[in-house]
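> I'll drop the sequence and a predicted model, then ask my questions.
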There are 2 protein chains.
Amino acid sequence: MPSSAPRRPTILDVARHAGVSPTTVSHALNERGYVDPQTRERVKASAQALGYRPNMRAQRLRTGEAQTIALLSSMPFEVAGGASRLGFLMEIAAVAAASALTRGLALILVPPMQGNQLPLERLDIDGAIVIEPTDDDLNVAHLQSRRLPVVSIGRQPADDPVPYVDLQSAATTQLLLSHLWAQGARRIALLIGAQRRNSYVEADLAYRAFCEAHGMSPRISMADEAGGEQAGHDRCAELLRQYPDIDGLYVTVDAFAVGALQAIAEHGLRVPDDIKLVTRYDGLRARTSTPALTAVNLHLDAVASLGVQLLFEHLGGDTHLRHMTPPAPELVARASSAKTRKRSPAR
Amino acid sequence: MPSSAPRRPTILDVARHAGVSPTTVSHALNERGYVDPQTRERVKASAQALGYRPNMRAQRLRTGEAQTIALLSSMPFEVAGGASRLGFLMEIAAVAAASALTRGLALILVPPMQGNQLPLERLDIDGAIVIEPTDDDLNVAHLQSRRLPVVSIGRQPADDPVPYVDLQSAATTQLLLSHLWAQGARRIALLIGAQRRNSYVEADLAYRAFCEAHGMSPRISMADEAGGEQAGHDRCAELLRQYPDIDGLYVTVDAFAVGALQAIAEHGLRVPDDIKLVTRYDGLRARTSTPALTAVNLHLDAVASLGVQLLFEHLGGDTHLRHMTPPAPELVARASSAKTRKRSPAR
């Protein structure tokens, strides 16, 4: 938590600012008891100037109301909103909301919004789960500045990450690359997002290690998440021009993978005959593409439950638990990486 | 709103019950100011006995905090939870949450839970959107008893329904039956849910009218929602035994449709060659079935936005708007109802 985090103004700050007693502040703001109209206005002006908000969270604890947590995705609208909104975030949201309610927590859903304008500061929440934050994630920074417990799904690629549920991106990458290799691919390229997100960082490292171990030279490209499917298309087209011999491709983001499929077709190549293509998230895009895409079961049910459990511990004041690990990722093999008899392995 | 709705206890009720002033109640519960410990305990006991909760909603309005609304589905877990949780509710949730946030409303997601135990009474909310409530929906009744604004997505089949976004189930049924007819089906059966939900009521009426207009005798079966796919399977198997000549089938619930597909295969019949099968919701189940199922685009984006808009009007005190209508449903034709050359129309 940054030490420069501004302290949330208290009723005492408002009282000092307005030159009245805390009780008068309480009465003025709650419109209870008698307060001179001019004083009331002065108190309200002070409260507004300082950004004071009564601590409803403390009130909830006293009254037995459900505490409230927010679930938010740091992915831009172009990747996690719109066409894939039935995707990663919502799959986690469905389970997380049920899991939260059984613990007396109400889950507020904060989906990616166009322009990425999150009115987070207006939400009276007790804690938050952030999905795949970057190292300089603005939402995480804002929540930390409010001294709210935050956990992430997917480690934050920072020296001092918030507590997290491990998405095991290195293991996922290893799994998919080994699969591509077993299916006969010998010149495998990697397409990741350009943002500093841990799933990309880990995929990049695991891919380089795989190349090293298999005597394969690295072929890597990065696409801007905000570009969505089009960015995946364009970067894949570039890869195909730069490395015409590619016979396997791991595209970490499903939106990019859909664009890549199109770029491969435009290049006159076939999936899986000429290039075997795999992606990470086994969502609607992977399942309904033609051909259907090989992907990975990340056990998002377990991931979501663990995320809620982790935040629950921190809300309760137990901050020892720093990360949790769901079951290992499992391959979901589909037509996009099927073995073909047309090409024999290059070596 | 039922006139028997219990009034939410106020601070005055607690004061009367405890025999103290409202200010003392406020001080005692907020742990502000000096209150004699015994008095404090008496006030707390009275508050608990009466179920008093401080009105955080009023406080939110004063402080500019986001108001909070809940989105909940009345469908049982077996149909709307689990395997299809990427479905109807979540598709609406994604859009509704974004639409709500742009209006300064935070959306709490209340997914179907096993055993249907919703801890609704612990949620401090300002209003709610309920998806496809039955006529005697417990959630709606609870929310109304708290005098909270409620709107529904899909009309409540009651004389005095809560304000609603029309899901146009009659038009949807008409659309699908006309499609089946155009594809050559002449003995079309209907499989609906057994609960009193408006989509079933409207489908039943529209189906009977279609039968009347086309000289077709009605073949109707009802499945218990709590039975999920298995119930769809069993009722479809029964239909096939009872009416061996069926060549078309509209199954209103996608979970039932998946079960029906299996029952048809077990009966030694093929889809679409022997029986053309259609369903309503164009979700993951419809898209990933084999064959893929013809379904309907209900414009859930628009439905969700209208639901939030309608609730927003009611939250603001404008209760004139009683229902809103999204764009007309559109057919999404797929392999499950494709024209086949193997059978000629019966007439």
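That came through fine. Numbering: from 1, shown residues only, chains lettered A, B, ... in the order given.

> the helix or strand hosting A:T68 to strand B:67-73, inter-axis angle?
Taking DSSP states H and E as the criterion, A:T68 maps to strand A:67-73. Relative orientation of strand A:67-73 and strand B:67-73, computed by axes from the mean of the first three to the mean of the last three Cα atoms, to 10 degrees: 80 degrees.

> strand A:67-73 close to chain B?
Yes: applying Cβ under 8 Å from any Cβ of the partner chain, one finds that strand A:67-73 is in contact with chain B at A:T68, A:A70. In this view, the C-beta of every residue, glycine as well, is placed from N, C-alpha and C.

> so in that sheet, which strands flank that strand, and in what orientation?
Taking DSSP bridges as the criterion, strand A:67-73 forms sheet pairs with strand A:105-110 (parallel), strand A:127-131 (parallel).

> switch the ones you listed over to TSV; also include mean neighbour count and mean pLDDT.
Listed next are the strands paired with strand A:67-73 as TSV, based on neighbours: other Cβ atoms under 10 Å in any protein chain shown; pLDDT from 0 to 100:
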stretch	mean neighbour count	mean pLDDT
strand A:105-110	26	92
strand A:127-131	25	95
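
> break chain A down into its structural domains.
Taking automatic domain parsing as the reference, chain A has its domains at A:11-54, A:63-167+A:299-327, A:169-298+A:331-337.

> chain center to the strand holding A:T68: distance?
How far strand A:67-73 lies from its chain's middle: 13 Å, per Cα atoms, centre = their mean, to the nearest Å.

> report the buried residues of that strand.
Within strand A:67-73, the residues scored as buried using 16 or more other Cβ atoms under 10 Å in any protein chain shown are A:Q67, A:T68, A:I69, A:A70, A:L71, A:L72, A:S73.

> ditto for stretch A:177-191
A:177, A:179-181, A:183-191.

> around chain B, pick out the residues from the stretch 201-347 of chain A.
Residues of the stretch 201-347 of chain A lying near chain B (Cβ under 8 Å from any Cβ): A:G283, A:L284, A:R287, A:T288.

> quick one: least confident of the residues you listed?
Across those, the bottom pLDDT score, 82, is held by A:L284.

> A:A260 and A:D204: what is the separation?
A:A260 sits 17 Å away from A:D204, going by Cβ to Cβ, to the nearest Å.

> neighbour count: the two, which is higher?
A:A260 (31 against 19; other Cβ atoms under 10 Å in any protein chain shown).

> quick check: that one touching A:H233?
Yes: in this structure, A:A260 is within contact of A:H233 by Cβ atoms under 8 Å, at 6.7 Å.

> mind checking which of the buried residues of stretch A:177-191 are in helices?
Within the buried residues of stretch A:177-191, residues falling in helices by DSSP state H are A:L177, A:H179, A:L180, A:W181.

> which one of these is nearest B:D274?
Of all those, B:D274 sits closest to A:H179, with 38.4 Å by Cβ to Cβ.

> just the pLDDT for that closest one.
pLDDT, read off for A:H179, is 98.

> the one 5 residues further on now?
Note on A:G184: pLDDT of 97.

> and it, its phi and psi?
The phi/psi pair for A:G184 (degrees, to the nearest 10) reads phi 110, psi 0.

> pretty sure it is touching A:K339, no?
Yes: A:G184 lies in contact with A:K339 (Cβ under 8 Å); the separation is 6.1 Å.

> any chance you could list residues touching both of the two?
Common neighbours of A:G184 and A:K339, counting by Cβ atoms under 8 Å, 6 or more residues apart in numbering or on different chains, are absent.

> where along chain A do the helices fall?
With DSSP H applied, chain A shows helices at A:11-18, A:22-30, A:37-50, A:56-63, A:77-80, A:88-102, A:138-145, A:169-182, A:198-214, A:228-242, A:254-266, A:284-288, A:300-315, listed in chain order.

> out of the ones you listed, which is closest to B:V95?
helix A:88-102 (10.6 Å).

> could you dump the closest one to PDB, C-alpha only?
The C-alpha trace of helix A:88-102 is given here as PDB (Å, rounded to 0.1, in the frame of the first residue of the first chain):
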ATOM      1  CA  PHE A  88     -13.900 -14.500 -18.700                       C
ATOM      2  CA  LEU A  89     -15.200 -11.700 -16.400                       C
ATOM      3  CA  MET A  90     -18.800 -12.900 -16.400                       C
ATOM      4  CA  GLU A  91     -17.900 -16.500 -15.900                       C
ATOM      5  CA  ILE A  92     -16.000 -15.500 -12.800                       C
ATOM      6  CA  ALA A  93     -18.700 -13.000 -11.800                       C
ATOM      7  CA  ALA A  94     -21.500 -15.700 -11.800                       C
ATOM      8  CA  VAL A  95     -19.600 -18.000  -9.400                       C
ATOM      9  CA  ALA A  96     -18.000 -15.100  -7.400                       C
ATOM     10  CA  ALA A  97     -21.400 -13.500  -6.700                       C
ATOM     11  CA  ALA A  98     -22.900 -16.800  -5.400                       C
ATOM     12  CA  SER A  99     -19.800 -17.500  -3.400                       C
ATOM     13  CA  ALA A 100     -19.900 -14.000  -1.900                       C
ATOM     14  CA  LEU A 101     -23.500 -14.200  -1.000                       C
ATOM     15  CA  THR A 102     -23.000 -17.400   1.000                       C
END
